[in-house]
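Visitor: missing the sequence, but the structure's below:
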C-alpha cells in the first residue's frame with residue numbers, strides 16, 4: 001500500500017501474494033498458472049474511495065477484474081521495506 005501523502009513511499013507490503021491463480025481461466029492458457037495486475041481503478045464514482053478494481057492478466061490469455069477494499073487498519077505484519085523505501 002502506498003502513502004496517500006507521498007504515493008512514491010511504500011507503507012505496507014503483504015507477506016503473501018494478493019493475487020494467485022485459482023480459477024480455470026487463470027490456470028490454463030498461453031502461460032499457465034500466471035496472474036499479474038495490469039491496471040487499477042479507484043472507485044470514487046461509487047462513493048467508496050477505499051475500493052479499487054484491479055484489472056489483471058489471466059494465464060496470458062484473458063483479462064480479469066478483482067475488487068480490493070482497503071481495510072481501516074493495516075497490520076504491521078508483512079511490512080517488507082523501511083519507511084524511506086520508494087516505488
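Guide: Perfect, thanks for sending it. What you see is a predicted model, and the numbers here were worked out from it, not measured in a lab. Residues are numbered from 1 along each chain as shown.

Visitor: Confirm that residue 45 sits in a strand.
Guide: No. Applying DSSP: H, G, I helix; E, B strand; the rest coil, one finds residue 45 to be helix, outside a strand.

Visitor: can you pull out the strands in the chain?
Guide: Using DSSP state E, the strands of the chain run over residues 35-42, 51-58, 62-69.

Visitor: Make CSV out of those strands and add mean pLDDT, distance to residue 22 and mean neighbour count.
Guide: Glycine gets a C-beta too; all of them are placed from N, C-alpha and C. Rendered in CSV, the data for the strands of the chain read as follows (pLDDT from 0 to 100; distance: least, C-beta to C-beta, whole Å; neighbours: other C-beta atoms under 10 Å):
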stretch, mean pLDDT, distance to residue 22, mean neighbour count
strand 35-42, 91, 9, 13
strand 51-58, 94, 10, 17
strand 62-69, 92, 11, 12
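
Visitor: Dump those to a markdown table, plus distance to residue 21.
Guide: A markdown table is the format used below for the strands of the chain (distance: least, C-beta to C-beta, whole Å):
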| stretch | distance to residue 21 |
| --- | --- |
| strand 35-42 | 5 |
| strand 51-58 | 8 |
| strand 62-69 | 10 |
